[in-house]
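Asks: Dropping a prediction and its sequence here:
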Number of protein chains: 2
Amino acid sequence: MSTPHTSEAPPLFLPVEELLALAGRVFLRLGLSLPHAEAMARTVVAGQRDECHSHGVYRILSCAHTVRAGKVALQAEPVLTPASGAVVRVDARYGFSPLAFERGLPALVAAARQHGIGALAIQHCFHFSALWPEIEAITAHGLAALALTPSHAWVAPAGGRQPVFGTNPIAFGWPRPGQHPFVFDFATSAIARGDLELHRRAGTPLPPGCGVDAQGRPSTDPVAVAQGAMLAFGGHKGSALSAMVELMAGALIGDWTSAESLAFDAGDGATPCHGELILAFDPARLGGGDLADQQQRAERLFDAITGQGARLPSQRRFEARARSLERGVAVPRALHAEILALAD
Amino acid sequence: MSTPHTSEAPPLFLPVEELLALAGRVFLRLGLSLPHAEAMARTVVAGQRDECHSHGVYRILSCAHTVRAGKVALQAEPVLTPASGAVVRVDARYGFSPLAFERGLPALVAAARQHGIGALAIQHCFHFSALWPEIEAITAHGLAALALTPSHAWVAPAGGRQPVFGTNPIAFGWPRPGQHPFVFDFATSAIARGDLELHRRAGTPLPPGCGVDAQGRPSTDPVAVAQGAMLAFGGHKGSALSAMVELMAGALIGDWTSAESLAFDAGDGATPCHGELILAFDPARLGGGDLADQQQRAERLFDAITGQGARLPSQRRFEARARSLERGVAVPRALHAEILALAD
């Protein structure tokens, strides 16, 4: 991914703990409660550590903007409802999402173990993070996981020209004992919103197929697409998946669609506010009872992919993580200075 | 979709009941038990009725071929294991899949109502059908549904050249009281296997991006792609989804991947044999309790799509269904003659 802050000077390399402390200090300074600040810091530092710059510490700046817009409940304690069947509900009460997820995770894991599958419905959260940190938190328990969330309505349906869907990410994970899980996490839009913004600021054209102008004509002009609509990846199939995300992580759990999130934003340019649906699956309960056989089958699949030189999703991210843990987390100096300024 | 049997002569228009009786007679004649023959007939006639010709009564011919290959257990009574938590397992015992689904459906619906979500794992089934008939059978109970199944390994992962994945369909449905559900059902391959075969027989080039030759070079030659590999839709995102299908509907439920299905086929050219995972979600349990509000939110989403002239997935199919129920189900005369010949 492109980084929003580039610099000719070499980046700083900071130990994870130091970056966590800095990010936490900023979030406290912005008015978040200590549990929120710590959960937020873990989330953005994980992104930076894995060199997912668009979800790294750069997000501290956009979270600061969201805080200033005044709608986030900075100290809201998420409310966990006792599980109803296999369904766990956490009301984030218009706080940021990471703490709500952390508060719901143990109950989700318990539900999946008890029933074979579990669902965590997070409601009323401001959502700015990638989904893979949540996926990895679930696969760490030996469970498979699927997560969906709407965003702001920026994406037109296939055959249309007006925004209806969010960038609506879908993330999935499969646990691999003793090594990194199989994880993917992608927007169902053809391009990430952050990347569209980068093209707009840089004045560079978008790749073909990413959007249409206000008249519905295919366009590579980022300004025209921002005024028109982004498109889903993969044509009508990606568009259908994006609709599924609105239905599953919106209507199904009784929370907002991307259109409602954007209307609530009312031009603030804040991070989206909506719900999230996270499913967890226990292979020991869903399989026939031979867990080792199930794992070997999955490993043969991964070997067939990597054995021909293709990559597993997240492979680059795990390589970046290893580098960051070895030499420190790279942070561009200009970005570091901006973050430091927020900490004072 | 293209029809494998075209004819200059106008098609026959047959009442649904007549076509069901004919299809059932053929399946009995092929040696299937009465419950299997009836479930199979319902499946292929539904496809023909909805003008999904590649999953219509044409499939009777490929099922006949699969029967002749000798591996299908023609009379196998599916074994339903009592639900373990929210998980229902049906062992098809190497029979065709439609009866196994029908036998598991009531328990899946009950699990979803009891726990909020339910999973139906069908194992060891010969699978030739579209997934939307199953999805619609679930949405008819007011539940949302998601279904996944592998197939034969024909599709290379993104960045690779050797087949690993099946065409691995994903299907989803959302119930709409008083009208047809929102349903999609698509292969994660860029083109359906049946369409590749049609291009091969007709000697016409594939659309770009559907496959690679044996050296991994992009190709539109259907013969070269059949010797090389098909590709997933949507690049690395579609490829990741296809891997998810292998993991969820294979490793997770303790059943075969597409590679194992193809190995078991051993050149027979029979329909794939593997498992299937079907999830059902109860909006009344997953939402906050205001079901009418949830439904209205979904309807606003659909209105925002159709209101700008875009189509909902399955819209053409439901229009075809209305036509078929009005005037009879269209069946090309040549195809009808082939099917009749199997009935004697």
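Replies: Received it, and whenever you're ready, just let me know what you need.

Asks: contacts and neighbour counts: CA atoms only from here.
Replies: Will do.

Asks: shaky segments in chain A?
Replies: Along chain A, the model assigns pLDDT under 70 to residues A:1-8.

Asks: Which stretches in it count as strands?
Replies: Using DSSP state E, the strands found in chain A span residues A:12-14, A:79-84, A:87-96, A:117-126, A:144-148, A:155-156, A:170-174, A:182-186, A:211-212, A:229-231, A:273-281, A:329-331.

Asks: Tell me which of those lies nearest to B:P163.
Replies: strand A:182-186 (19.1 Å; C-alpha to C-alpha).

Asks: So which residues of the stretch 1-150 of chain A form helices?
Replies: Secondary structure of the stretch 1-150 of chain A (DSSP state H, counting those that start in this stretch): helices located at A:16-29, A:34-49, A:59-69, A:97-115, A:132-139.

Asks: that older thread, TSV please, covering the strands of chain A and showing mean neighbour count.
Replies: Shown next, in TSV, are these (neighbours: other C-alpha atoms under 10 Å in any protein chain shown):
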stretch	mean neighbour count
strand A:12-14	16
strand A:79-84	15
strand A:87-96	25
strand A:117-126	28
strand A:144-148	26
strand A:155-156	30
strand A:170-174	26
strand A:182-186	23
strand A:211-212	30
strand A:229-231	33
strand A:273-281	28
strand A:329-331	25
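
Asks: contacting residues for the residue most central in space within chain A?
Replies: Central residue of chain A (C-alpha atoms, centre = their mean): A:A130, 1.8 Å from the mean position. By C-alpha atoms under 8 Å, 6 or more residues apart in numbering or on different chains, A:A130 lies in contact with A:G47, A:H55, A:D185.

Asks: So which of those residues is the closest to chain B?
Replies: Taking C-alpha to the nearest C-alpha as the measure, A:D185 is the one of the contacts of A:A130 closest to chain B, at 8.8 Å.

Asks: What distance do you get for the residue nearest to the closest one when sequence neighbours are not counted to B:L143?
Replies: Leaving out its chain neighbours, the residue that sits closest to A:D185 by C-alpha to C-alpha, 6 or more residues apart in numbering or on different chains is A:A171, at 4.0 Å. Distance from A:A171 to B:L143, counting by C-alpha to C-alpha, to the nearest Å: 23 Å.

Asks: ok, now A:A214?
Replies: Separation of A:A214 from B:L143 (C-alpha to C-alpha): 37 Å.

Asks: quick one, which of the two is more surrounded?
Replies: B:L143 (26 against 17; other C-alpha atoms under 10 Å in any protein chain shown).

Asks: from what I can see that one touches B:I278, true?
Replies: No: between B:L143 and B:I278 there is no contact under C-alpha atoms under 8 Å: 12.0 Å.

Asks: Up against chain B, what does the stretch 151-300 of chain A have?
Replies: Residues of the stretch 151-300 of chain A lying close to chain B (C-alpha under 8 Å from any C-alpha of the partner chain) are A:157-162, A:164, A:172, A:174, A:184, A:186, A:233-235, A:237-238, A:240, A:244, A:247, A:251-257, A:283, A:285-290, A:293-295, A:297-298.

Asks: Which strand residues bridge A:E276?
Replies: According to DSSP bridges, the partner residues bridging A:E276 are A:I122.

Asks: Repeat that for the one 4 residues further on.
Replies: Beta-bridge partners recorded for A:A280 (DSSP bridges): A:G118, A:A145.

Asks: show me the contacts for it.
Replies: Applying C-alpha under 8 Å, 6+ apart, the residues near A:A280 are A:L108, A:V109, A:A112, A:I117, A:G118, A:A119, A:I138, A:L143, A:A144, A:A145, A:L146.

Asks: please redo it, this time with the cut-off set to 10 Å
Replies: A:86, A:105, A:108-113, A:116-120, A:135, A:138-139, A:141-147, A:172-173 (C-alpha atoms under 10 Å, 6 or more residues apart in numbering or on different chains).

Asks: cool, and A:L131?
Replies: Counting by C-alpha under 10 Å, 6+ apart, A:L131 touches A:43, A:55, A:146-149, A:169-172, A:183-186, A:276, A:278.

Asks: likewise A:A214?
Replies: A:R161, A:Q162, A:P163, A:A224, A:V225, A:A226, A:Q227, A:G228, A:A229 are the contacts of A:A214 under C-alpha under 10 Å, 6+ apart.

Asks: tally of neighbours for the fourth one?
Replies: Other residues near A:A224 come to 19 when the count uses other C-alpha under 10 Å.

Asks: cool, and A:R327?
Replies: 11.

Asks: circling back to that earlier point, which residues do B:L143 and B:I278 both contact?
Replies: Both B:L143 and B:I278 are contacted by B:I135, under the criterion C-alpha under 10 Å, 6+ apart.

Asks: before we move on, the earlier item: for the helices of the stretch 1-150 of chain A, which one sits closest to chain B?
Replies: Proximity to chain B (C-alpha to the nearest C-alpha) singles out helix A:97-115 among the helices of the stretch 1-150 of chain A, at 4.1 Å.

Asks: could you check the angle strand A:144-148 makes with that closest one?
Replies: Helix A:97-115 runs at 140 degrees relative to strand A:144-148, counting by axes from the mean of the first three to the mean of the last three C-alpha atoms, to 10 degrees.

Asks: near chain B at all, helix A:97-115?
Replies: Yes: for helix A:97-115, a contact with chain B is found by C-alpha under 10 Å from any C-alpha of the partner chain, at A:A111, A:A112, A:R113, A:Q114, A:H115.

Asks: Can you point out the buried residues in that helix?
Replies: Counting neighbours by 16 or more other C-alpha atoms under 10 Å in any protein chain shown, one finds that the buried residues in helix A:97-115 are A:97-101, A:103-105, A:107-115.

Asks: which ones are touching A:G289?
Replies: Taking C-alpha under 10 Å, 6+ apart, we find A:G289 in contact with A:P283, B:I253, B:G254.

Asks: Now, of those residues, which are buried?
Replies: Buried, going by 16+ other C-alpha under 10 Å: A:P283, B:I253, B:G254, out of these.

Asks: Write out the residues of the stretch 1-150 of chain A neighbouring chain B.
Replies: A:83-89, A:111-121, A:123, A:143-146.

Asks: The same query, at a cut-off of 8 Å, please.
Replies: Taking C-alpha under 8 Å from any C-alpha as the measure of proximity, the stretch 1-150 of chain A contacts chain B at A:S84, A:G85, A:A86, A:V87, A:Q114, A:H115, A:G116, A:I117, A:G118, A:A119, A:A121.

Asks: is it possible to export those residues to TSV including distance to B:V67?
Replies: Listed next are these as TSV, based on distance: C-alpha to C-alpha, whole Å:
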residue	distance to B:V67
A:S84	45
A:G85	42
A:A86	41
A:V87	43
A:Q114	40
A:H115	37
A:G116	35
A:I117	36
A:G118	39
A:A119	40
A:A121	45
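
Asks: Tell me how many other residues surround the closest residue to A:E197 other than its chain neighbours.
Replies: Nearest non-adjacent residue to A:E197, counting by C-alpha to C-alpha, 6+ apart: A:P222, 7.6 Å away. A:P222: 28 surrounding residues under other C-alpha under 10 Å.

Asks: A:P222 is in contact with A:L206, isn't it?
Replies: Yes: using C-alpha under 8 Å, A:P222 is in contact with A:L206, at 6.2 Å.

Asks: who touches both of the two?
Replies: Residues touching both A:P222 and A:L206 by C-alpha under 8 Å, 6+ apart: A:L196, A:H199.

Asks: With that, I have no additional questions.
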